[in-house]
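Participant: Take this sequence and fold it.
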Amino acid sequence: MSYEEHDDGIEIDGTVLAVTDKAILLDISGHGQEWIPISQIMDGDDSPSKGDEIELTITTWIAEQKGLS
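Facilitator: Numbering: from 1, shown residues only. Down below sits the predicted model:
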């Protein structure tokens, strides 16, 4: 799993599998697929395209909920 903890959130990277108005489905290396709500993205590309490799900083709360921290 690729993530790095920051004081203000958790940095993750992955491949975009799908995008909706409210969330991004990522294939996170070593963790599998997770829907990340756009409202929980603190930094990074919040409007990527399918197939993009992206890095995001997400809230610590959502990272804990998804088992990413």
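
Participant: Spell out which helix or strand contains the residue nearest to Lys50 when sequence neighbours are not counted, please.
Facilitator: Ranked by CB to CB, 6 or more residues apart in numbering and with sequence neighbours excluded, the top spatial neighbour of Lys50 is Val16, at 5.6 Å. From N, CA and C alone the C-beta is placed, and that goes for glycine too. For Val16, the host element (DSSP states H and E) is strand 9-19.

Participant: Direction included, what does the helix or strand that comes right after that strand pair up with?
Facilitator: The element immediately downstream of strand 9-19 (helix or strand, assigned by DSSP H and E) is strand 23-28. Next to strand 23-28 in the sheet, as set by DSSP bridges, lie strand 9-19 (antiparallel), strand 32-37 (antiparallel).

Participant: Distance from the chain centre to strand 23-28, please.
Facilitator: On the basis of CA atoms, centre = their mean, to the nearest Å, strand 23-28 is displaced by 6 Å from the centre of the chain it belongs to.

Participant: try stretch 24-42
Facilitator: Worked out by CA atoms, centre = their mean, stretch 24-42 lies 3 Å from the chain centre.

Participant: please begin residue numbering at 53 from this point
Facilitator: Renumbered: residue one is now 53, and that last one reads stretch 76-94.

Participant: tell me how far the ends of that stretch are from each other?
Facilitator: In stretch 76-94, first residue to last residue: 13 Å (CA to CA, to the nearest Å).

Participant: can you list the residues that contact it?
Facilitator: 53-55, 60-61, 64-71, 73-75, 98, 100, 106, 108-111, 113-114, 118-120 (CB atoms under 8 Å, 6 or more residues apart in numbering).

Participant: Could I get the average pLDDT for it?
Facilitator: Taken as a whole, stretch 76-94 has a mean pLDDT of 94.

Participant: What of stretch 113-121?
Facilitator: 91.

Participant: end to end, how far does that stretch reach?
Facilitator: Rule used - CA to CA; the end-to-end distance of stretch 113-121 is 9 Å.

Participant: before we move on, what about stretch 88-99?
Facilitator: 12 Å.
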